[in-house]
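Enquirer: only the shape, not the letters, is given here:
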């Protein structure tokens, strides 16, 4: 007698092996049998006839560290087949804290600024009542629908140890020793690694670089070296944006070698035009291999559609002189955009030559969302079209619409149908052992873009619509490959004895739903959201968490702890 039998599906086991028709029998949280179970009985059965039965997807780059407190489903990720997530990336964690409330307040505001989480949501829905990483884990263990592991973040370590000086200078030897002790405490509690960032776009709301950007290379390597004493730990790092210089590759290689753990860097965007540059950046893996480490790129398997707005100002703050504007309060921004002279000066700054000048091509932007009923007729229209109708210049048109929406207007360039050559370039990178599909940023940039749907988008576009990749290979790229990168024990494959993280999908309809805006965050804050097509059933640790595309009440997720739920990954 099994607890669950999934009957009659095509088992795609996550290894890349050819599919086979079989039943999957589950007892407790494990797969007991894969084979002919026609004579067996079970407490619950799922009819998977004509569908694919596969391992749950493993998303290795999320920022769900705060969402665990207000949304235990970690939506929408499980709707897209994800059963395991890794958080604590880019150095932006909310543990450890100190006894000084100013440290928690700083980390909260940093998250709001850098990762696009509404400050009012973080203030009202996160308890902030811990100091250690262990206490943070205790607050939500046994509450989640899916499995989740979390790293210890560099910016949090620096803030707790150095206070305000974390955004002023390199650390002293004593401060480095204290950070290493805090990191050890986090790893002892089950933290599954260490993360950091030198990305030039990562700045705090006070106009400083985030704490990790003040660290010298020697600090990064020393902290990475702490991992060498711990089983099943990994590194994540953002060295730079754009093409990699030699120093970036060498630094990541040295961090990995010191940790004796793989390092994944974020993020590699690929299309046909960017393929040559992407292949150059993948050479970081060769440099690491020569130094006794392993470095892989995280690549997002699609082009992101950006929803820009004047409240958060993400992306817009890269325009010349715009950083100061973006850091202002909403009231101050309204005053500037309402004043013709100030408005004109802001646009003049935006039109200066620079790497992101195209962002300021206001007329080409499409109105994506507006809460003002009087502006609803403009959704889907370009600013050019609206300006012709209203008889105003494009920049003035955009400002006027935003003011009428109390700046909640969102605008951007909606995704267009990409040629097969772009998708083929991505497939070529996915097949490269120096890259892993991931980089969803689930839980972050809630009003800027949505990529928590990366798995269904990839399956719908590259496999179902274009036939550039077979289902068996695609499933392996979403399951066993990322699971092995983090050394997850008994996950990422359908095998007898493995954890029963299983999805049932319709390969003839699988894909992402349309992206829209929901005001379902605490305090009524908005976020971008999309459901899925064809992900019919999701099982985590033997329990049904998504049935016919809807969440159940089950919360069987495991808090993944290093050494207990992970083992050291291969550096080959």
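Expert: Everything's here; your move. Source: prediction; values computed, not measured.
Enquirer: all contacts plus neighbour counts: C-alpha atoms, from now on.
Expert: Fine.
Enquirer: tell me the pLDDT at residue 500?
Expert: We note a pLDDT of 99 for residue 500 in this prediction.
Enquirer: typo on my end, it should be residue 243
Expert: For residue 243, the pLDDT comes out at 89.
Enquirer: quick one: it is in a helix?
Expert: No. The assignment for residue 243 by DSSP: H, G, I helix; E, B strand; the rest coil gives coil, which leaves it out of any helix.
Enquirer: name the nearest residue to the residue minimising distance to the centre of the chain, sequence neighbours excluded.
Expert: Among the residues of the chain, the one closest to the centroid is residue 441, at 1.6 Å (Cα atoms, centre = their mean). Leaving out its chain neighbours, the residue that sits closest to residue 441 by Cα to Cα, 6 or more residues apart in numbering is residue 62, at 4.4 Å.
Enquirer: and that neighbour, its phi and psi?
Expert: Main-chain torsions, residue 62, degrees, to the nearest 10: phi -130, psi 170.
Enquirer: so what does the residue nearest to the centre of the chain look like in phi/psi?
Expert: phi 60, psi 20.
Enquirer: thinking again about what came up before, the residue nearest to residue 441 contacts residue 87, correct?
Expert: Yes. Here residue 62 reaches residue 87: they are 4.8 Å apart, a contact under Cα atoms under 8 Å.
Enquirer: the two: which has the busier surroundings?
Expert: residue 87 (27 against 22; other Cα atoms under 10 Å).
Enquirer: what sits against that one?
Expert: 60, 61, 62, 63, 64, 65, 148, 149, 150, 151 (Cα atoms under 8 Å, 6 or more residues apart in numbering).
Enquirer: leaving out sequence neighbours, find the closest residue to the first one.
Expert: The reference is to residue 60. residue 86 is the one closest to residue 60 (Cα to Cα, 6+ apart), at 4.6 Å.
Enquirer: for that neighbour, give its distance to residue 362.
Expert: 37 Å (Cα to Cα, to the nearest Å).
Enquirer: make CSV from the contacts of residue 87 and add pLDDT, secondary structure and distance to residue 168 to it.
Expert: Formatted as CSV, the contacts of residue 87 follow (pLDDT from 0 to 100; DSSP: H, G, I helix; E, B strand; the rest coil; distance: Cα to Cα, whole Å):
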residue, pLDDT, secondary structure, distance to residue 168
60, 98, coil, 31
61, 98, coil, 28
62, 98, strand, 28
63, 98, coil, 26
64, 98, coil, 28
65, 98, coil, 26
148, 98, strand, 33
149, 98, strand, 31
150, 98, strand, 27
151, 98, coil, 24
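Enquirer: could you check how many residues crowd around residue 329?
Expert: 12.
Enquirer: now residue 1
Expert: 11.
Enquirer: let me see the contact set for it.
Expert: With Cα under 8 Å, 6+ apart, residue 1 has these contacts: 40, 41, 42, 43.
Enquirer: adding distance to residue 54, write these out as a markdown table.
Expert: Shown next, in a markdown table, are these (distance: Cα to Cα, whole Å):
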| residue | distance to residue 54 |
| --- | --- |
| 40 | 21 |
| 41 | 21 |
| 42 | 20 |
| 43 | 21 |
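Enquirer: between the residues you listed, which sits nearest residue 477?
Expert: residue 42 (31.2 Å; Cα to Cα).
Enquirer: nearest residue to the closest one in space, please, no chain neighbours.
Expert: With sequence-adjacent residues excluded and distances taken as Cα to Cα, 6+ apart, residue 42 is closest to residue 2, at 4.4 Å.
Enquirer: I'd say that neighbour and residue 26 touch.
Expert: Yes. Judged on Cα under 8 Å, residue 2 makes contact with residue 26 at a distance of 5.9 Å.
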